[in-house]
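Q: Sequence below, structure please.
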Amino acid sequence: MIVLDLDRLVRVCSLPISAENSLLKIHSKGKKQDMKLFVGNFPFSTTEADLQSLFAPYGNIDSVTVVTDRQTGRSRGFGFVEMGDRGEAEKAIEALNGKEVGGRALNVNEARPKNDGGGYRGGRGGSQDDYRGHARQPREPRW
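A: Modelled structure (predicted):
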């Protein structure tokens, strides 16, 4: 395992470096963590440049993403802003959450991690064994 301390490389244990067992850990001592912000309820006409200029007064911005519809390419009215400093991000949340932009009150908060299980699954809307609280009825074989 190798530990990177941003200033120097320190070898912790003597593992051979290969694709299977090389691990890199980056420790940023004294540095503040970056923070990803969810920005919702903005007008569909809002662009990444608009969000960039909205958040720029509050600190350094690492990235800006406006989520768009796959089929139409139109904005879905929400996006994400990544800021390099947690303190600056919290100031942006305080200042911009509830602020009116284009006739809509922004919803700004810390982004939650993406959970698995999203997307279209098809089917009839419920689970296969959806008997509304009743036990599943046994079936006779069809042969």
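Q: make it CA atoms for all contacts and neighbour counts henceforth
A: Fine.
Q: Can you give me the buried ones in the longest helix along the chain?
A: Assignment by DSSP state H gives helix 86-96 as the longest helix of the chain. Judged by neighbour count (16 or more other Cα atoms under 10 Å), helix 86-96 contains these buried residues: R86, G87, E88, A89, E90, A92, I93, L96.
Q: between these, which is closest to R139?
A: I93 (56.4 Å; Cα to Cα).
Q: Distance of that closest one relative to Q71?
A: Distance of I93 to Q71, computed by Cα to Cα, to the nearest Å: 31 Å.
Q: E110 now?
A: Distance, E110 to Q71, using Cα to Cα: 28 Å.
Q: Could you check which of those two has the larger neighbour count?
A: Under the neighbour definition other Cα atoms under 10 Å, E110 and Q71 were set side by side, and E110 has more, 16 against 6.
Q: Excluding residues flanking it in the chain, which one is nearest that one?
A: Once flanking residues are discounted, E110 sits nearest to L37: 4.5 Å by Cα to Cα, 6 or more residues apart in numbering.
Q: Name the helix or strand for E82, please.
A: For E82, the element it lies in under DSSP states H and E is strand 75-83.
Q: Equivalent analysis for L51, please.
A: Here L51 is assigned to helix 48-55, by DSSP H and E.
Q: ok, then the element right after that helix?
A: As assigned by DSSP H and E, the chain's next helix or strand after helix 48-55 is strand 61-68.
Q: So what are the sheet partners of that next one and their directions?
A: Pairing partners of strand 61-68, with direction, according to DSSP bridges: strand 75-83 (antiparallel).
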